[in-house]
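**Student:** Quick one: sequence and predicted model below, then my questions.
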Amino acid sequence: MRHRLPPLNPLRAFEATARNGTIASAAEELNVTASAVSHQVRVLESTLGVALFIRSKARVKLTPAGEALLQPVKNAFDMIASAVVRLDSPAVAGDLVVSAPMLFTSRWLARHIGDFLEQFPAVNLKLIPSNDDKEIYSSDVDLCVRYGEGRWRDRDVKLISHPVLFPVVSPALMNGPRALRTVQDLANRTLFCEHAESWMRWLAEASADKLEGLRILEIGIAHVGIEAAVRGQGIALGDSFSARDDLADGTLVRPFRITVPAKYAYYWVRRHELSEAPLVTAFVSWVDSKLT
């Protein structure tokens, strides 16, 4: 069967494009030009004899063939990345202090951290749930995950993910007597979010920003809004990064396919002298392997 495997670079281009949703974002992640990514995707489509994407000016959408191929390719890259990380595991030991937003720690990291601790039993990990810039410039913090514009002076900054936003709701609420069937059903419902502006951008994209009876509740902490949605208290504005596990296990569902880009993105932020430190590299590689 191995003689039928496509080349690696086209597979990487396909997986990055499918995960990011745009050719440009995939090109930025792979550190190549957008035309190079487009070429590699076309090579893969030619090799397989099928179309993998439906292309538009804004974003790309997977065809049925693309959807069938994506998960096996992602799993394969995950296995390779995990194997590479494990090669360094015996030498990785010591104290590691990581600061990350509450949404990241509660909705994603808390569900996977046991795997890191199992792979790196000699690492003493301390987590600080925060999105405050003070940790970025603290000598007591080794690595930060930050949600923002990506500009922090005198620090090594690397993009993790630029998510898209969409409503999420509990299955119980979706299947109840007032189930959401159309965007108009959002009227007179509680809409949770960190900032109302994000909901208004999504509603405008859905041509529903003029609906009467809109009730947007600013929580101030996105994690609280997501948790309220999990408990069936209303509809939260989730994102493709922090809500991915909830969607995968069915804790939350997406009632509509419409998305808007998040205003900001998630980044790794660290001191330049720690960018190649074994402990920091191990944690970054482990997270990246889980997210790809």
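**Tutor:** Received, thanks.
**Student:** In a strand, residue 216, correct?
**Tutor:** Yes. Checked against DSSP: H, G, I helix; E, B strand; the rest coil, residue 216 lies within a strand.
**Student:** partner residues bridging it?
**Tutor:** The bridge-partner assignment for residue 216, based on DSSP bridges, gives residue 191.
**Student:** residues contacting it?
**Tutor:** 191, 193, 196, 199, 200 (CB atoms under 8 Å, 6 or more residues apart in numbering). Quick note: C-beta positions are derived from backbone N, CA and C, even for glycine.
**Student:** So among those residues, which ones count as buried?
**Tutor:** 191, 193, 199, 200 (16 or more other CB atoms under 10 Å).
**Student:** Strands of the chain, start to end?
**Tutor:** Using DSSP state E, the strands of the chain run over residues 53-55, 60-62, 94-100, 123-129, 143-148, 156-161, 164-168, 190-193, 215-218, 235-239, 260-261, 265-270.
**Student:** What strands line up against the fifth one, and which way round?
**Tutor:** Looking at strand 143-148 with DSSP bridges, its partner strands are strand 94-100 (parallel), strand 265-270 (antiparallel).
**Student:** Wait, residue 144 touches residue 274, no?
**Tutor:** No. Residue 144 is beyond contact range of residue 274, at 10.7 Å (criterion: CB atoms under 8 Å).
**Student:** Which residue of those two possesses the greater neighbour count?
**Tutor:** Between residue 144 and residue 274, counting by other CB atoms under 10 Å, residue 144 is the more crowded of the two (27 against 15).
**Student:** Quick check, pLDDT for the nearest residue to residue 149 once chain neighbours are set aside.
**Tutor:** Using CB to CB, 6 or more residues apart in numbering and skipping the chain neighbours, the partner closest in space to residue 149 is residue 264 (6.0 Å). Residue 264 is assigned 91 on the pLDDT scale.
**Student:** and residue 144, what are its bridge partners?
**Tutor:** residue 99, residue 269.
**Student:** give me every residue that touches residue 73.
**Tutor:** By CB under 8 Å, 6+ apart, the neighbours of residue 73 are 11, 14, 15.
**Student:** go with 6 Å
**Tutor:** By CB atoms under 6 Å, 6 or more residues apart in numbering, the contact list for residue 73 reads 11, 15.
**Student:** quick one: it from residue 79, how far?
**Tutor:** 11 Å (CB to CB, to the nearest Å).
**Student:** Where do the helices of this structure begin and end?
**Tutor:** Residue ranges of the helices in the chain, as given by DSSP state H, are 8-20, 23-30, 34-48, 64-87, 102-104, 110-119, 171-174, 196-205, 222-230, 244-249, 278-291.
**Student:** relative to helix 34-48, how tilted is the first one?
**Tutor:** Relative orientation of helix 8-20 with respect to helix 34-48: 110 degrees, computed using axes from the mean of the first three to the mean of the last three CA atoms, to 10 degrees.
**Student:** buried ones in helix 8-20?
**Tutor:** Neighbour counts over helix 8-20 (16+ other CB under 10 Å) mark 9, 10, 11, 12, 13, 14, 15, 16, 17, 18, 19, 20 as buried.
**Student:** tell me which of those residues is nearest to residue 96?
**Tutor:** The nearest member of the buried residues of helix 8-20 to residue 96, counting by CB to CB, is residue 19 at 26.5 Å.
**Student:** Please point out which parts of stretch 273-287 sit buried.
**Tutor:** Buried-residue list, stretch 273-287, by 16+ other CB under 10 Å: 277, 279, 280, 281, 282, 283, 284, 286, 287.
**Student:** Report pLDDT for the first one.
**Tutor:** According to the predicted model, the pLDDT of residue 277 comes to 89.
**Student:** Leaving out sequence neighbours, find the closest residue to it.
**Tutor:** residue 142 is the one closest to residue 277 (CB to CB, 6+ apart), at 7.3 Å.
**Student:** And the closest residue to residue 208 other than its chain neighbours, how close does it get to residue 229?
**Tutor:** Using CB to CB, 6+ apart and skipping residues adjacent in sequence, the residue nearest residue 208 is residue 183, 4.5 Å away. To residue 229, residue 183 is 17 Å away according to CB to CB.
**Student:** same question, residue 203
**Tutor:** Distance from residue 203 to residue 229, by CB to CB: 16 Å.
**Student:** Is it correct that residue 20 is in contact with residue 27?
**Tutor:** No. With contact defined as CB atoms under 6 Å, residue 20 does not count as touching residue 27 (9.1 Å).
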